[in-house]
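J.: Got a sequence here, can you build the structure:
(2 chains)
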There are 2 protein chains.
Amino acid sequence: MITSTANSKVKRLVNLQKKRKLRDEENIFLVEGVRMFMEVPPQRVRELYVSETFYGKEKRRIREVLGDRRVAFEVLSDQAYAFMSDTKTPQGVMCVVEREDYGLQEIMRPSQEQPFLLVLDNLQDPGNLGTIIRAAEGAGATGVILSRDCVDIYNPKTIRSTMGSLFRVPFYYAEDIVKETGRLREAGIRVYAAHLDGKISYEEADYACPTAFLIGNEGNGLRDEVAACADVYVRIPMKGRVESLNAAVAASVLMFEAARQRRL
Amino acid sequence: MITSTANSKVKRLVNLQKKRKLRDEENIFLVEGVRMFMEVPPQRVRELYVSETFYGKEKRRIREVLGDRRVAFEVLSDQAYAFMSDTKTPQGVMCVVEREDYGLQEIMRPSQEQPFLLVLDNLQDPGNLGTIIRAAEGAGATGVILSRDCVDIYNPKTIRSTMGSLFRVPFYYAEDIVKETGRLREAGIRVYAAHLDGKISYEEADYACPTAFLIGNEGNGLRDEVAACADVYVRIPMKGRVESLNAAVAASVLMFEAARQRRL
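T.: Below is the predicted model of the structure:
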């Protein structure tokens, strides 16, 4: 059992929590908490760390989740576990998970349904991003494209906010968001920008066809060069003195309108 | 100029940031940042605190916002200001604002429009609450009712997330949320619970009539006794393996569907 917070494994995990660059180099991310642990596809778990208390109580549950999968496994004293945890009240289970790489082609051509994509331009808030991924799965979006300068989808706060949708919604970081959005249009996907200058109200468009929504940064909205990639600007009509909505709210209002239309 | 972080006024403001009880006792709240300061109705500003740097640059702006209003006014050294600020990169302006009390009667009977209310049961995340208040104004909700055990609407994080909507959306903390929700029904307002057991999809109901939406706690949803107050349970149909949405997203999807129907 690891009891020292100076242990090299503990130090490595603390750094992996904090540093995107390290996570990128190892092509992994960290998942913490019981609920999220149970959502991880077992074949992607590479290492598992549990607190002494969790191990005592939940041996069977660990086995249920991992099945036949053999993973590097360590028990930590509760104190050492708390030290490396990203949460205030640690549940005592953390795993190192292998990333899954999705290609733009498979995101643009989902097998089952008409493409229903979300394109995020320079989104910065980790909680917002996670909330959007969760809502995207719920609304039936077939994939999410992120500009290179978006917050890291593997940020611990983002992962928590997805509530497990991270494992189920295909996503892709675009090197050049303007170019990739152009490719969507070439593939026959209609691109809608959520924009204050929108000429039509969002519910007037037809989202049953292949559809992508462009969503901008929390404070500044879409960059002009990204907005210029859209076929149509749509606006969400606003009462009172509200100029714009929280990015996750705006994305969700659009996505659930698309979901509503696709049910008709 | 105040330069010491041990100054009694600085200490009082730090405590007001942190402690709901103190804010309640004085019947005030704190507003920080340039944008929020410009949203405050001038007649409600009781005290104003600015950093030396902000005062040097923005004397005229302060005068524009306050107009003829005379308020207690203090300049702090940048260091003392940063000490009392709730933000990491303080903008240098904070004010103490008088609360406005709304009665349940005026929330139930808005003068201009059919009632369009949101009832929040035990909401706990300050950012979620602020995001909801902002979306409520944008969707044209006429008021928000909160159960006694919701997070404080005057929490600094909530205030920031409202982006100023706090000053424009009437709200009311209900002593007994079950009883108050009953009064809505007696007043002819149709009460919809967002619920996993909803028998109809949310867009099948008619929200042009007087409407209230019940929204539950982030982790646990609506309490049974509160859900039992509803006329109708509605659900937001979900794809994938998503069970529920973030509370602000769920509230917004319902509110903007009501807004869409009311525009028709």
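J.: Around chain B, which positions in the stretch 1-150 of chain A sit nearby?
T.: Neighbours of chain B within the stretch 1-150 of chain A, by CB under 8 Å from any CB of the partner chain: A:G127, A:T131, A:R134, A:A135, A:E137, A:G138, A:A139, A:G140. Placement of C-beta: from N, CA and C, glycine included.
J.: what do you get if the cut-off is 6 Å, keeping everything else the same?
T.: In this structure, the stretch 1-150 of chain A approaches chain B at residues A:T131, A:A135, A:E137, A:G138, A:G140, judged by CB under 6 Å from any CB of the partner chain.
J.: so where do the helices sit in chain A?
T.: A:8-18, A:20-26, A:34-39, A:52-66, A:78-84, A:104-108, A:126-139, A:156-162, A:177-186, A:224-227, A:247-263 (DSSP state H).
J.: Tell me how far the third one lies from the chain's centre.
T.: Using CA atoms, centre = their mean, to the nearest Å, the mean C-alpha position of helix A:34-39 is found 16 Å from that of the whole chain.
J.: same question, stretch A:55-67
T.: Distance of stretch A:55-67 from the chain centroid (CA atoms, centre = their mean) equals 26 Å.
J.: Would you mark the buried spots in it?
T.: By neighbour count with 16 or more other CB atoms under 10 Å in any protein chain shown, stretch A:55-67 contains the buried residues A:Y55, A:E58, A:I62, A:V65, A:L66.
J.: quick one on the thing from earlier: could the helices of chain A go into a markdown table alongside mean pLDDT?
T.: Converted to a markdown table, the helices of chain A look like this (pLDDT from 0 to 100):
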| stretch | mean pLDDT |
| --- | --- |
| helix A:8-18 | 95 |
| helix A:20-26 | 96 |
| helix A:34-39 | 90 |
| helix A:52-66 | 90 |
| helix A:78-84 | 95 |
| helix A:104-108 | 92 |
| helix A:126-139 | 98 |
| helix A:156-162 | 95 |
| helix A:177-186 | 96 |
| helix A:224-227 | 96 |
| helix A:247-263 | 97 |
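J.: Pick the most buried one from the ones you listed.
T.: Burial of the helices of chain A is given as mean neighbour count (mean count of other CB atoms under 10 Å in any protein chain shown); helix A:126-139 ranks first at a mean of 27.
J.: Show me what it is packed up against.
T.: On a contact count with 3 or more CB pairs under 6 Å, 6 or more residues apart in numbering or on different chains; DSSP states H and E, helix A:126-139 meets helix A:156-162, helix A:247-263.
J.: Now do the longest one against helix A:126-139, angle only.
T.: Angular relation of helix A:247-263 and helix A:126-139 on a 0 to 180 degree scale: 10 degrees, by axes from the mean of the first three to the mean of the last three CA atoms, to 10 degrees.
J.: Run through who's touching helix A:247-263.
T.: Under the contact criterion CB atoms under 6 Å, 6 or more residues apart in numbering or on different chains, helix A:247-263 has outside partners A:128, A:131-132, A:135, A:139-141, A:194, A:202-203, A:207-208, A:211, A:213, A:215, A:218, A:236, B:135, B:203, B:249, B:252-253, B:256.
J.: how about the CA coordinates for that helix, as CSV?
T.: Output of helix A:247-263 as CSV, limited to C-alpha atoms (Å, rounded to 0.1, in the frame of the first residue of the first chain):
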residue,chain,number,x,y,z
ALA,A,247,-22.7,29.0,-24.1
ALA,A,248,-24.0,25.6,-22.8
VAL,A,249,-27.5,27.0,-22.6
ALA,A,250,-27.4,28.4,-26.2
ALA,A,251,-26.0,25.1,-27.5
SER,A,252,-28.6,23.1,-25.7
VAL,A,253,-31.6,25.3,-26.9
LEU,A,254,-30.4,24.8,-30.5
MET,A,255,-29.7,21.0,-30.1
PHE,A,256,-33.0,20.2,-28.4
GLU,A,257,-34.9,22.2,-31.1
ALA,A,258,-33.1,20.0,-33.7
ALA,A,259,-34.0,16.9,-31.6
ARG,A,260,-37.7,18.1,-31.4
GLN,A,261,-37.8,18.5,-35.2
ARG,A,262,-36.2,15.1,-35.8
ARG,A,263,-38.9,13.5,-33.7
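J.: Return the distance of it from the chain's centre.
T.: From the chain centre to the centre of helix A:247-263 is a distance of 17 Å (CA atoms, centre = their mean).
J.: Same question for stretch A:253-264.
T.: The answer for stretch A:253-264 is 20 Å, by CA atoms, centre = their mean.
J.: Need phi/psi at A:A6.
T.: phi -90, psi 0 (degrees, to the nearest 10).
J.: Which pLDDT value belongs to it?
T.: A:A6 is assigned 94 on the pLDDT scale.
J.: ok, now how distant is it from A:N15?
T.: Here the distance between A:A6 and A:N15 works out to 13 Å (CB to CB, to the nearest Å).
J.: go on, A:E204?
T.: According to CB to CB, A:E204 stands 50 Å off from A:N15.
J.: what sits against the nearest residue to A:M163 once chain neighbours are set aside?
T.: Distance criterion CB to CB, 6 or more residues apart in numbering or on different chains; nearest residue to A:M163, sequence neighbours excluded, is A:R134 at 5.2 Å. A:R134 makes contact with A:T162, A:M163, A:S165, according to CB under 6 Å, 6+ apart.
J.: mind redoing it with 7 Å?
T.: By CB atoms under 7 Å, 6 or more residues apart in numbering or on different chains, the contact set of A:R134 is A:S161, A:T162, A:M163, A:S165, B:V242, B:L245, B:N246.
J.: mind listing what the last one touches?
T.: Spelled out, it's B:N246. When contacts are counted by CB under 7 Å, 6+ apart, B:N246 touches A:T131, A:R134, A:A135.
J.: Tell me the spacing between the second one and A:R160.
T.: When you say that, I think you mean A:R134. 10 Å.
J.: and what of the last one?
T.: For A:A135, the distance to A:R160 under the criterion CB to CB works out to 15 Å.
J.: Wait, A:T211 touches A:F116, no?
T.: Yes - counting by CB atoms under 7 Å, A:F116 is a contact partner of A:T211 at 5.5 Å.
J.: For A:A212, name its beta-bridge partners.
T.: A:L117, A:V191 (DSSP bridges).
J.: Please give me every residue in contact with it.
T.: Counting by CB under 7 Å, 6+ apart, A:A212 touches A:L117, A:V119, A:L184, A:I189, A:V191, A:Y192.
J.: Scan the residues you listed and report the most crowded one.
T.: A:V119 (28 neighbours; other CB atoms under 10 Å in any protein chain shown).
J.: Was I right to think it contacts A:V178?
T.: No - using CB under 7 Å, A:V119 is not in contact with A:V178, being 10.5 Å away.
J.: chain center to stretch A:203-217: distance?
T.: A distance of 19 Å separates the centroid of the chain from that of stretch A:203-217, by CA atoms, centre = their mean.
J.: For it, what is the spacing between the initial and final residues?
T.: 22 Å (CA to CA, to the nearest Å).
J.: Repeat that for stretch A:181-194.
T.: With CA to CA as the measure, stretch A:181-194 spans 14 Å from end to end.
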